[in-house]
Each structure stands twice: as C-alpha cells, then as structure tokens.
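K.L.:
Please work out how this folds:
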Amino acid sequence: MVWPCSTAKLTLLARYRECKAELKEFLVNLRETAADDLAELDGGHRPAHLDDRFTAWAAPRG
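P.N.:
Residues are numbered from 1 along each chain as shown. The predicted structure is shown next:
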C-alpha cells in the first residue's frame, strides 16, 4: 500500500496550502517516526530512501 494515497496527498496540500514549511516539517517528523519504527523491526537498521515516500512528493514543482 502506498502512503500517502492520492486523496491524502491532496488533503494535506490543501490543508497546508498557505504554509508549505509546516507541511514539510510535519512530513519529516512522520518520516523519522516511521524510520525509527521500522528500525525496531529490523535490528536497529534504519531504512534508506524514505524521502520519496514521505517528503519528495510535496516538493514544489518547476
């Protein structure tokens, strides 16, 4: 399952429309929490490449 789904992405972008920095901070915090949780399941090894899933999609295009 892909997170966030398209509906969630649109909802987050709308909610943080006026404050992209807060959206980025929110997503970075979620990414770090997920990395910590996954590390606990994998003997302390934090996964790489979570940026695409958690933060890259919200970066400005252009």
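K.L.:
Report the contact partners of the most centrally placed residue in the chain.
P.N.:
Relative to the mean C-alpha position of the chain, the nearest C-alpha, by Cα atoms, centre = their mean, is the one of residue 54, at 2.1 Å. Residue 54 makes contact with 27, 28, 30, 31, 34 under the criterion Cβ atoms under 8 Å, 6 or more residues apart in numbering. In this view, the C-beta of every residue, glycine as well, is placed from N, C-alpha and C.
K.L.:
In space, what's closest to it - neighbours in sequence excluded?
P.N.:
The shortest distance from residue 54 to any non-neighbouring residue, by Cβ to Cβ, 6 or more residues apart in numbering, is to residue 31 (3.7 Å).
K.L.:
Read off the pLDDT value for the one you found.
P.N.:
At residue 31 the predicted local distance difference test score is 92.
K.L.:
so what does whichever strand or helix holds it touch, helix or strand wise?
P.N.:
Here residue 31, judged by DSSP states H and E, is contained in helix 20-41. The contact analysis (3 or more Cβ pairs under 8 Å, 6 or more residues apart in numbering; DSSP states H and E) places helix 20-41 against helix 6-15, helix 51-54.
K.L.:
What is the neighbour count of residue 20?
P.N.:
Here the count is done by other Cβ atoms under 10 Å, and residue 20 has 13 residues near it.
K.L.:
pretty sure it is in contact with residue 60, am I right?
P.N.:
Yes. Between residue 20 and residue 60 a contact is recorded at 7.3 Å, counting by Cβ atoms under 8 Å.
K.L.:
So which helix or strand of the chain has the lowest pLDDT on average?
P.N.:
Among the secondary structure pieces of the chain, namely its helices and strands, helix 51-54 has the lowest mean (mean pLDDT, DSSP states H and E), a mean of 86.
K.L.:
buried set for that helix?
P.N.:
In terms of neighbour count (16 or more other Cβ atoms under 10 Å), helix 51-54 has its buried residues at 53, 54.
K.L.:
Alright, I will stop here.
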